[in-house]
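Undergrad: turn this into a structure:
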Amino acid sequence: MSQSPLRVHLTDERRELMHLGITRFFAEHFDQNVSEFQASELLDFFVRELGAPVYNQAIKDARSFLQDKLDDLEGEFYEPEDPYAR
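TA: All right, here's what the predicted structure looks like:
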């Protein structure tokens, strides 16, 4: 696994799957064969260019989802203290 300055890292298994996906994509969509080196360079480029923005957006989305749930926590789970109140 190559070292990236980002916190976005791909395991060796994930990199291999991505290489296969890249080579398959180019063969199916562009009728072009790409070498292992080309697939690796393309993958590194996309991880460098898209890794942080996609990662940060996922964090924002998860935070927003959790914040919405926390904001509605009382509405979802509030139990009246007066046993006769409905």
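
Undergrad: tell me who's in contact with residue 26.
TA: Contacts of residue 26 were listed using Cβ atoms under 8 Å, 6 or more residues apart in numbering, and they are 32, 33, 34. The C-beta positions use only the backbone N, C-alpha and C, and glycine is treated the same way.

Undergrad: so which of those is the closest to residue 68?
TA: Residue 68 lies nearest to residue 34 out of the contacts of residue 26, by Cβ to Cβ, at 42.4 Å.

Undergrad: need the pLDDT of residue 86.
TA: Note for residue 86: predicted pLDDT of 62.

Undergrad: over to residue 5?
TA: Taking residue 5 on its own, its pLDDT is 55.

Undergrad: do the same with residue 2
TA: Looking at residue 2, its pLDDT is 49.

Undergrad: helices of this structure, start to end?
TA: Here the chain has its helices, by DSSP state H, at 12-30, 36-71, 73-77.

Undergrad: just the CA atoms from the last one would do, formatted as CSV, please.
TA: The C-alpha trace of helix 73-77 is given here as CSV (Å, rounded to 0.1, in the frame of the first residue of the first chain):
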residue,chain,number,x,y,z
LEU,A,73,-34.3,13.1,20.4
GLU,A,74,-36.7,14.6,22.9
GLY,A,75,-39.6,14.4,20.4
GLU,A,76,-38.8,10.8,19.6
PHE,A,77,-38.3,9.5,23.1
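
Undergrad: buried sites along it?
TA: Residues of helix 73-77 classed as buried: none (neighbour count, 16 or more other Cβ atoms under 10 Å).

Undergrad: for that helix, packing partners?
TA: If you count contacts as 3 or more Cβ pairs under 8 Å, 6 or more residues apart in numbering; DSSP states H and E, helix 73-77 packs onto no helix or strand.

Undergrad: residue 33 and residue 23 touch, don't they?
TA: Yes - counting by Cβ atoms under 8 Å, residue 23 is a contact partner of residue 33 at 7.3 Å.
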